[in-house]
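Undergrad: Need coordinates for the below:
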Amino acid sequence: MSTAGGGPRGPGMSGQRPMNPPDGYPPDPRSRPGVPESPRQRPPSGPQSQPIAAQSAGPPAASGADPATESPRPRRPRPADDQPLRAHWDPTSVVPRRPRGPRPERKKRSAVGRFIGTYGWRAYAIPVLLVLTVLLVIATVRERGSPDPSSSSTGVVQDLGARNTDVNKITTAVGAPAGAANAVVLPAGQLPAGGAFSTNGAKTFRVVPGTTPVVGTAQKVYRYTVEVENGLIPENYGGDQTFAKLVDATLASPKSWIGRGAVSFRRIDTGTPDFTISLTSSGTTRELCGYQIKLESSCYYPPNTRVVLNEARWVRGAVSFQGDDLSYRQYQINHEVGHAIGYEKHEPCAQQGGLAPIMMQQSFGVANRDIQALDPDAKGDPTLVCRVNPWPYP
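TA: A predicted model of the protein is given here:
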């Protein structure tokens, strides 16, 4: 079958001329000279057949032009590899780098500059920490070199060797108020409202069973027993063991009399103690400690080496302690035991707003004016007022 204006189509020919290969790609090997064509694609012989190369040579030449002598169309030059958004034609080739220009001359940094460049923000933090450390050391040294606030500023006894070791030779109560003031004008010494207590007891005592090891580092060991007057109601004061445990815990505290190594304590329940610590009815307390001033008090009674703790005060405390019954009971124990180990004198407030000395009569107040109304021999500035304190060495 022949086409209009041309010879018959050969096998494999679609009637359209093949597209020229893109620029830069080699021509079809079938069109190269010396390469035999595949028999499958060879066109049929005949006068109307045209070579494949002639069909792919492009559009027909203009009339009057000889296609055999016409020069081929020049190819477009290959774009250079350095054009933007161009991929390399040969990915295995080495792209030459542009030569670098001369490097700018760097300025030499000082040692401080190199240090800051190396450590960054740490370079600023280290000097600040050094300054803070120096200030802390200075503050610590000054604090250690300052006077002990628990000495002269609080009125705490300093010279433990000055105590009267022959206090048991005294035949009257130690620590009981001896003045003649009317209790009505001393509101700080009044017994606060509170729980019930026994007005009268049997005037005999029972030892509460229990012992402790020695507490403290001093060679002088005071042995004590814990006793309760018969006839007291346990529900009022918490029971014998509760009373004894608080006594033991108070005397074993480093804030108590063992704190500076002058005395040691040991509780026993058999044998002869150096003193007894007794919870006593208010009626028996008045007989042992005196009742010249109509206020509930406690004392140390040397004739039978008894530390007398008034149950009325144990249950209700003191106005100056403002309801802190635990602190008051610790004060009551430490104050009266202080008399038993030789501190027979009372002390006044030594500094305005400071802690009251343990041997101040805090049951009747923490103002020197109130204390001096009970004890005319008490020394001290009458304008000073202290804060309550239950410990010899707070």
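
Undergrad: what's near enough to touch residue 331?
TA: 321, 358, 362, 388, 389, 390 (CB atoms under 8 Å, 6 or more residues apart in numbering). From N, CA and C alone the C-beta is placed, and that goes for glycine too.

Undergrad: pLDDT added to the residues you listed, as CSV?
TA: As requested, the contacts of residue 331 are arranged in CSV below (pLDDT from 0 to 100):
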residue, pLDDT
321, 97
358, 96
362, 96
388, 98
389, 98
390, 98
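
Undergrad: Please indicate which of the residues you listed are buried?
TA: Applying 16 or more other CB atoms under 10 Å to the contacts of residue 331, the neighbour count classes 321, 358, 362, 388, 389, 390 as buried.

Undergrad: residue ranges for the helices of this structure, please.
TA: 52-55, 111-119, 122-145, 234-237, 240-251, 282-289, 311-316, 325-340, 368-374 (DSSP state H).

Undergrad: Quick one: closest of those helices to residue 168.
TA: helix 325-340 (8.5 Å; CB to CB).

Undergrad: average model confidence for that closest one?
TA: The average pLDDT for helix 325-340 rounds to 98.

Undergrad: cool, stretch 176-190 as well?
TA: pLDDT averaged over stretch 176-190 gives 70.

Undergrad: Next, work out how far apart residue 162 and residue 344 are.
TA: Residue 162 sits at a distance of 11 Å from residue 344 (criterion: CB to CB, to the nearest Å).

Undergrad: and if you look at residue 135?
TA: On the measure of CB to CB, residue 135 and residue 344 end up 47 Å apart.

Undergrad: Of those two, which one has the most company?
TA: Shown here are residue 135 and residue 344; by other CB atoms under 10 Å, residue 344 has more neighbours (17 against 10).

Undergrad: What is the neighbour count of the closest residue to that one other than its chain neighbours?
TA: Excluding the flanking residues, the one nearest residue 344 by CB to CB, 6 or more residues apart in numbering is residue 174, at 4.9 Å. When neighbours are counted by other CB under 10 Å, residue 174 registers 22.

Undergrad: bridging residues for residue 174?
TA: residue 300 (DSSP bridges).

Undergrad: Do I have it right that residue 358 meets residue 338?
TA: Yes: if you go by CB atoms under 8 Å, residue 358 and residue 338 touch, sitting 6.1 Å apart.

Undergrad: Can you give me the end-to-end span of stretch 199-212?
TA: 31 Å (CA to CA, to the nearest Å).

Undergrad: likewise stretch 339-359?
TA: Terminal-residue distance, stretch 339-359 (CA to CA): 8 Å.

Undergrad: Next: stretch 230-238.
TA: Start-to-end, stretch 230-238 (CA to CA) is 15 Å.

Undergrad: quick one: residue 296 and residue 261, what's the gap?
TA: 34 Å.

Undergrad: Quickly, which of the helices of the chain bottoms out on average pLDDT?
TA: helix 52-55 (a mean of 46).

Undergrad: how about residue 329, what does it touch?
TA: If you count contacts by CB under 8 Å, 6+ apart, then residue 329 has 246, 250, 314, 317 around it.

Undergrad: what's the distance between it and residue 306?
TA: 18 Å.

Undergrad: Over to residue 134?
TA: When residue 134 is compared with residue 306 (using CB to CB), they lie 57 Å apart.

Undergrad: So those two - more neighbours on which side?
TA: More neighbours surround residue 306 than the other of residue 134 and residue 306, with 21 against 10 (other CB under 10 Å).

Undergrad: from what I can see the more buried one touches residue 300, true?
TA: Yes: taking CB under 8 Å as the definition, residue 306 is a contact partner of residue 300 at 7.4 Å.

Undergrad: which residues are common contacts for these two?
TA: With CB under 8 Å, 6+ apart, residue 306 and residue 300 have common neighbours residue 275.

Undergrad: rewinding a little: export the helices of the chain as CSV, with columns for distance to residue 193.
TA: Formatted as CSV, the helices of the chain follow (distance: least, CB to CB, whole Å):
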stretch, distance to residue 193
helix 52-55, 129
helix 111-119, 69
helix 122-145, 43
helix 234-237, 15
helix 240-251, 22
helix 282-289, 15
helix 311-316, 7
helix 325-340, 12
helix 368-374, 20
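
Undergrad: who wins for proximity to residue 353 among those helices?
TA: helix 368-374 (12.8 Å).

Undergrad: can you list contacts of the closest one?
TA: Contacts for helix 368-374 (CB under 8 Å, 6+ apart): 177, 179, 181, 185-186, 188-189, 293, 346, 348-349, 360-361, 364-365, 378, 380-385.

Undergrad: If we go by neighbour counts, what in it is buried?
TA: Applying 16+ other CB under 10 Å to helix 368-374 flags 368, 370, 371, 372, 373, 374 as buried.

Undergrad: mind giving me a markdown table with those and columns for distance to residue 218?
TA: Listed next are those as a markdown table, based on distance: CB to CB, whole Å:
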| residue | distance to residue 218 |
| --- | --- |
| 368 | 32 |
| 370 | 35 |
| 371 | 30 |
| 372 | 34 |
| 373 | 37 |
| 374 | 33 |
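
Undergrad: out of these, which one sits closest to residue 281?
TA: Of the buried residues of helix 368-374, the one sitting nearest to residue 281 (CB to CB) turns out to be residue 374, at 22.5 Å.

Undergrad: picking up where we left off before, the more surrounded of residue 296 and residue 261?
TA: Higher neighbour count among residue 296 and residue 261: residue 296, with 23 against 11, using other CB under 10 Å.

Undergrad: so residue 276 bridges to which residues?
TA: residue 225, residue 306.

Undergrad: can you tell me how far it sits from residue 340?
TA: Residue 276 is 9 Å from residue 340, by CB to CB.

Undergrad: okay, and the common contacts of these two?
TA: 305, 307.

Undergrad: Comparing the two, which residue is more hemmed in?
TA: residue 340 (25 against 18).

Undergrad: The residue nearest to the more buried one when sequence neighbours are not counted and residue 394, how far apart?
TA: In this structure, residue 340 finds its nearest non-sequential neighbour in residue 275, 4.5 Å apart by CB to CB, 6+ apart. To residue 394, residue 275 is 24 Å away according to CB to CB.
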